[in-house]
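In: sequence first, predicted coordinates after that:
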Amino acid sequence: MFEGEERIGEEVGSEEVGEEVSGEVTEEVSEVTEEKPKEEVPEGTYARFVFGSAKDWKYMIQALASILHEATFVFTPDALTLRALDPSKVALVDLYLPSTVFDEYECDGVVRAGILMDILSKIMKRGKAKQTVTMEVKERRLHIILSGKKTPVRRFGIPIIEVASEEIPEPKIPYTARVKMTSEVLDEILRDADTIADAVKFIASPDEFIIKALAEGGKALEARYPSSSEAFLEYEVTEEAEAMYGLDYLIDFVKRMADVSDIVEIRFSTAKPITLTFEIPGGGRVLFMLAPRVE
Amino acid sequence: MFEGEERIGEEVGSEEVGEEVSGEVTEEVSEVTEEKPKEEVPEGTYARFVFGSAKDWKYMIQALASILHEATFVFTPDALTLRALDPSKVALVDLYLPSTVFDEYECDGVVRAGILMDILSKIMKRGKAKQTVTMEVKERRLHIILSGKKTPVRRFGIPIIEVASEEIPEPKIPYTARVKMTSEVLDEILRDADTIADAVKFIASPDEFIIKALAEGGKALEARYPSSSEAFLEYEVTEEAEAMYGLDYLIDFVKRMADVSDIVEIRFSTAKPITLTFEIPGGGRVLFMLAPRVE
Amino acid sequence: MFEGEERIGEEVGSEEVGEEVSGEVTEEVSEVTEEKPKEEVPEGTYARFVFGSAKDWKYMIQALASILHEATFVFTPDALTLRALDPSKVALVDLYLPSTVFDEYECDGVVRAGILMDILSKIMKRGKAKQTVTMEVKERRLHIILSGKKTPVRRFGIPIIEVASEEIPEPKIPYTARVKMTSEVLDEILRDADTIADAVKFIASPDEFIIKALAEGGKALEARYPSSSEAFLEYEVTEEAEAMYGLDYLIDFVKRMADVSDIVEIRFSTAKPITLTFEIPGGGRVLFMLAPRVE
């Protein structure tokens, strides 16, 4: 049924593609650009943060691990960032967590820590709600320290690896539809679609937001929301947008992030990648970008 | 150990078999006969109902789907009915839900909707306690609409299929034992038996109700209840009854129905099918009939 | 990485091994010796007890079944005991439950009941918190009777088998470290280690208790507790002790026992078996002994 999935790598930073689309909203993109680490900061070897909820950190790591096999955390004096494509280059994850997100944050320069996501995810499974998590880069190892009142301090260590990766430029995907909704509602919709199909179509017009799934044997799901629906905190469609995305990429990521972040911003346009942005208390955000499926 | 399972098809409507059994109780059977749709109603093409709890509807559909691969829902102006044998013709499910069971109910004639039960069951898995479920037959499709306060309306659609089925006559199984108990207790007993065996023997005498399971290696379970036990809401045995039934058919059906219906009526006689009747608030009932296992 | 596991059978009752170790604490061992059944009691054929919580009994049986394939319960007038090695003779379980542990207890002599643990464990899975469990040896069968207010009495029966077993002498393992901690904390530590490794190293010095796990690929876990930590109810180290133990044996046993018994006593010395002792209300205890892994 589907001819294949486009690669998101081809979209990244491609201005020409953007210019083909009319009505795109681009203010926010330029704003995001300022988050980039300043180039003058020297390389460092030590970094450390304390995050208040080991449980929320667990969910974020599990969201990343559902997409990425390995990735490089980049500590700068201002923020912890991570930008990586999934192995098939269909999805991109872009993490931006300024130091204000953390209870404690320090680094002695730009510190890069390549990590196998599945082992970090396994360790973080041990994180509980009333525990804090500390991550520390020291002597070419990543230390994960879980501590709580009931359970004493446990210190995990894993090696830092060299992640063979080209620099991924700031993705600038134009869009004609932008809506904000509760991440729980998005999660529920995706699970609905998952009962019958392996991809989901988003259709946004100025009046209505429609989610459709079609599967073999005539099975179908359709959820329609008037733009005035309570489901939307913000609704902004400059031109009708319609595109289909693979559920296998979306469903685990959204499920995990919905446990951490109440609100999700969805941006997309016809036959272009979709961008989901989850806000993290303290000024951070986790951005997820997924290439459309070609029908 | 067991030579095989009798077919329930052979019992259905067979008066002669009934006459071989003495002491049978038959008043209720004739009463049930009136539930049949009146033959003069013309064929229709549209039907629709709203059921107050998507969760309870989920459990009922899951109970049906544990026995039936496919089945035909029949809407008449008075009631929604379904009567079907499992693929091996060992078990029969007979659903009778008068319009009073539903919040809303309408149809423009006798409307038959053949459905693949597993896909309906998968969709209904999405049903939550505080959601209503609407089922609508329209243009040869079945639409399942879930709606709740928190989650907006989702509309699933599945094709209506032609279920190749002979008309199954009203089953008239004579019985010499009839007891009413909480469906939770029956559920627990079956799960007990399931730990050691794959079939369970029911023995009812005027004084005592005994449930036995025997398995290879000398494993055994026995639960004895005096007829005066609090477990029984009604207890009526005209002649001792003893028969064995396969757990694989009973256990999932009873488990699901116990979540919907508090009380179950059990009717059986020696070496004859067992009938379980679950009442549905509003005057409905789900009847489950299972042929005995030959030892 | 590990050359293999030592056999605990070789340690059992070996005084010579004990004398090689300096600083061992042995008072408790001699005290334990008195628990042995007096030899003059004649063989019996009937035994029975009632235990107040079917749920706690379930967890104990599940702990035993995680280690033992089959074992012999020995009823004496004073106590129910069980002492058995796992099939690979790496672990020993020693159960001592005096009659005071039970609501009712009786036997007509020394009664031995060999049992397949997995079938007993399956039956006990049905045990709930508000039910009592009765075990009765009668006519060469073990009867397990579950009863509660809501669910009527269910009587399971399984055959008693001949367990081919040499008499296992009272294990006398010397130790230089003895600590008491909450079994929940031990459970959590083992689960932490289980995320990255298949064995765990215990290191006890007078000042500090360290738990370490190392796995391929440079993964590591380390948890350090000063001897003054709140985690310890008692802390007594006469000589530094360091030994490694297999997680597959420890993790299920400790998980189950932690549900029954709040406090665990840990005793070990360098390259010697570890002994975990869980107290059972009413004066009983479950002792678990595991041979060290050779690195």
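Out: Perfect, thanks for sending it.

In: ok, then the element right after the host helix or strand of A:V74?
Out: Taking DSSP states H and E as the criterion, A:V74 maps to strand A:70-75. Going down the chain from strand A:70-75, the next helix or strand is strand A:79-85, by DSSP H and E.

In: all helices of the stretch 101-250 of chain A, in order?
Out: For the stretch 101-250 of chain A, the helices defined by DSSP state H, counting those that start in this stretch occupy A:117-124, A:183-194, A:247-258.

In: of all the ones you listed, which lies closest to B:I67?
Out: The minimum distance between B:I67 and the helices of the stretch 101-250 of chain A falls on helix A:183-194, with 25.3 Å, by CB to CB. For the C-beta atoms, the positions are set from N, CA and C on the backbone; glycine is no exception.

In: now what about the closest one, what contacts it?
Out: Contacts of helix A:183-194 with the rest of the structure, by CB atoms under 8 Å, 6 or more residues apart in numbering or on different chains, involve A:200, A:211, A:213, A:221, A:223, A:231, A:247, A:250-251, A:254-255, A:257-258, A:261-264, A:266, A:276, A:278, B:126, B:146, B:150-152, B:154, B:156.

In: can you select the buried ones from those residues in PyMOL?
Out: To isolate the buried members of the contacts of helix A:183-194 in PyMOL, using 16 or more other CB atoms under 10 Å in any protein chain shown:
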select buried, (chain A and resi 200+211+213+221+223+231+247+250+251+254+255+257+258+261+263+264+266+276+278) or (chain B and resi 126+146+151+152+154+156)
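
In: just the ones of the contacts of helix A:183-194 in strands?
Out: Under the assignment DSSP state E, the contacts of helix A:183-194 contribute A:200, A:211, A:213, A:221, A:223, A:263-264, A:266, A:276, A:278, B:146, B:154, B:156 to strands.

In: report the inter-axis angle for the strand holding A:V74 versus strand A:79-85.
Out: 160 degrees (axes from the mean of the first three to the mean of the last three CA atoms, to 10 degrees).

In: average pLDDT across strand A:70-75?
Out: When pLDDT is averaged over strand A:70-75, the result is 96.

In: ok now it, how far from the chain's centre?
Out: The chain centroid and the centroid of strand A:70-75 are separated by 14 Å, computed with CA atoms, centre = their mean, to the nearest Å.

In: and stretch A:178-186, by the same measure?
Out: Centroid separation between stretch A:178-186 and its chain, computed with CA atoms, centre = their mean, is 14 Å.

In: equivalent analysis for stretch A:153-171, please.
Out: 16 Å.

In: quick revisit: is it possible to export the helices of the stretch 101-250 of chain A to a markdown table including distance to A:V111 and mean pLDDT?
Out: Below are those laid out as a markdown table (distance: least, CB to CB, whole Å; pLDDT from 0 to 100):
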| stretch | distance to A:V111 | mean pLDDT |
| --- | --- | --- |
| helix A:117-124 | 16 | 95 |
| helix A:183-194 | 30 | 92 |
| helix A:247-258 | 25 | 96 |
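
In: reformat the ones you listed as a markdown table; add distance to B:P169.
Out: Output for the helices of the stretch 101-250 of chain A, formatted as a markdown table (distance: least, CB to CB, whole Å):
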| stretch | distance to B:P169 |
| --- | --- |
| helix A:117-124 | 58 |
| helix A:183-194 | 39 |
| helix A:247-258 | 45 |
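
In: show me which residues of chain A are close to chain C?
Out: Proximity of chain A to chain C (CB under 8 Å from any CB of the partner chain) is limited to residues A:119, A:122-123, A:125-126, A:141, A:146, A:150-159.

In: what do you get if the cut-off is 10 Å, keeping everything else the same?
Out: Contacts of chain A with chain C, taken as CB under 10 Å from any CB of the partner chain, map to A:116, A:119, A:121-126, A:128, A:140-141, A:143-146, A:148-161.

In: so what's A:I61 closest to, chain neighbours aside?
Out: Excluding the flanking residues, the one nearest A:I61 by CB to CB, 6 or more residues apart in numbering or on different chains is A:M124, at 4.5 Å.

In: what's near enough to touch that neighbour?
Out: The contact partners of A:M124, by CB atoms under 10 Å, 6 or more residues apart in numbering or on different chains, come to A:54-55, A:57-62, A:65, A:133, A:135, A:144, A:146, A:156, C:195.

In: got it, and A:G282?
Out: Taking CB under 10 Å, 6+ apart as the test, what A:G282 contacts is A:51-52, A:97-103.

In: that one in helix, strand or coil?
Out: Classification of A:G282 by DSSP: H, G, I helix; E, B strand; the rest coil places it in coil.

In: what about A:R267, distance to chain B?
Out: Counting by CB to the nearest CB, to the nearest Å, the separation of A:R267 from chain B is 20 Å.

In: can you get me a residue count around that residue?
Out: 27 (other CB atoms under 10 Å in any protein chain shown).

In: verify the stated contact: A:I251 with A:V200.
Out: Yes: using CB atoms under 10 Å, A:I251 is in contact with A:V200, at 9.1 Å.

In: may I have the beta-bridge partners of the nearest residue to A:P292 once chain neighbours are set aside?
Out: Leaving aside its chain neighbours, A:P292 sits nearest to A:A243 (4.3 Å; criterion: CB to CB, 6+ apart). Beta-bridge pairing for A:A243 (DSSP bridges): A:F202.

In: and the gap between A:A243 and chain B?
Out: Distance from A:A243 to chain B, by CB to the nearest CB: 20 Å.

In: ok, A:G148 next?
Out: 32 Å.

In: who does that residue bridge with?
Out: Beta-bridge partners, per DSSP bridges, of A:G148: A:Q131.

In: I'd say it and A:G52 touch.
Out: No: taking contacts as CB under 10 Å, A:G148 lies outside contact range of A:G52: 11.6 Å.
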